[in-house]
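Participant: the following comprises the amino acid sequence and a computationally predicted model.
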Amino acid sequence: MPLNIPNLLTWLRIVLIPLFVGIYYVPGDWLSLRDANLTAAAVFAVASVTDWLDGYLARRLRQTSPFGAFLDPVADKLMVAAALIVLVYLKRVDPMVSLIIIGREIAISALREWMAKIGQSRSVAVSFLGKVKTTAQMAAILLLLYHGTIFTWETEWMGTMLIYAAAVLTLWSMVYYLRMAWPQVLKHS
């Protein structure tokens with residue numbers, strides 16, 4: 001495993017997961033729910049920025065590696081899954097929405113792994129639709145974690161709309177990736 005800045009940022013994202021989840025287990029007399037929401041949203045925002053930054057730096061500094069290419073999406077999926085589980089626990093996200101998003105992530109990860117084994121990973125490379133889905137998902141999670149008011153604007157409403165949009169985009173992108181992989185599935189089954 002090459003120890004470089006992009007990989008260290010990815011590891012930081014993984015290390016932030018227990019910290020992020022643990023925020024909601026701190027006693028209420030130490031950290032109010034409002035402060036926990038703000039802190040969790042800040043930790044998630046840092047993790048989201050490192051997601052973008054590690055990829056940017058890996059390309060810019062020419063420090064891409066097979067290990068980094070493997071670990072980065074794993075870190076992303078772990079962070080999103082942890083956040084969705086926390087949000088279900090807090091009753092801010094419908095459990096079915098979380099199951100759709102987490103289930104799709106597992107299914108597409110398995111599909112990508114299989115496609116890579118047969119030498120067809122380009123067929124299921126990240127698409128623009130996948131990037132839009134990820135953006136909507138990250139913004140929704142951030143707003144739902146914050147769960148407050150910004151000026152006079154309630155973040156819960158916008159976060160809820162975005163997480164439903166992300167769920168729809170999740171299903172749409174899953175269908176897209178399955179369609180791209182389908183010829184290989186038929187060929188190798």
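Facilitator: Ah, there it is.

Participant: drop to CA atoms for contacts and neighbour counts, all remaining ones
Facilitator: OK.

Participant: show me the contacts for the residue nearest the centre of the chain.
Facilitator: Closest to where the C-alpha atoms of the chain average out (C-alpha atoms, centre = their mean) is Val80, at 3.8 Å. Counting by C-alpha atoms under 8 Å, 6 or more residues apart in numbering, Val80 makes contact with Met138.

Participant: which element is it on?
Facilitator: helix 66-89 (DSSP states H and E).

Participant: with just CA atoms, put that helix into PDB.
Facilitator: The C-alpha trace of helix 66-89 is given here as PDB (Å, rounded to 0.1, in the frame of the first residue of the first chain):
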ATOM      1  CA  PRO A  66      -4.700   0.100  -7.500                       C
ATOM      2  CA  PHE A  67      -5.000   0.100  -3.700                       C
ATOM      3  CA  GLY A  68      -6.300   3.700  -3.700                       C
ATOM      4  CA  ALA A  69      -8.700   2.900  -6.500                       C
ATOM      5  CA  PHE A  70     -10.000   0.000  -4.300                       C
ATOM      6  CA  LEU A  71     -10.100   1.700  -1.000                       C
ATOM      7  CA  ASP A  72     -11.700   5.000  -2.000                       C
ATOM      8  CA  PRO A  73     -15.100   3.600  -3.000                       C
ATOM      9  CA  VAL A  74     -15.100   1.400   0.100                       C
ATOM     10  CA  ALA A  75     -14.500   4.400   2.300                       C
ATOM     11  CA  ASP A  76     -17.300   6.300   0.600                       C
ATOM     12  CA  LYS A  77     -19.800   3.400   0.900                       C
ATOM     13  CA  LEU A  78     -18.900   2.900   4.600                       C
ATOM     14  CA  MET A  79     -19.400   6.600   5.400                       C
ATOM     15  CA  VAL A  80     -22.700   6.800   3.500                       C
ATOM     16  CA  ALA A  81     -24.000   3.600   5.100                       C
ATOM     17  CA  ALA A  82     -23.000   4.700   8.600                       C
ATOM     18  CA  ALA A  83     -24.700   8.100   8.000                       C
ATOM     19  CA  LEU A  84     -27.900   6.500   6.600                       C
ATOM     20  CA  ILE A  85     -28.100   4.100   9.600                       C
ATOM     21  CA  VAL A  86     -27.700   7.000  12.000                       C
ATOM     22  CA  LEU A  87     -30.400   8.900  10.200                       C
ATOM     23  CA  VAL A  88     -32.800   6.000  10.300                       C
ATOM     24  CA  TYR A  89     -32.000   5.700  14.000                       C
END
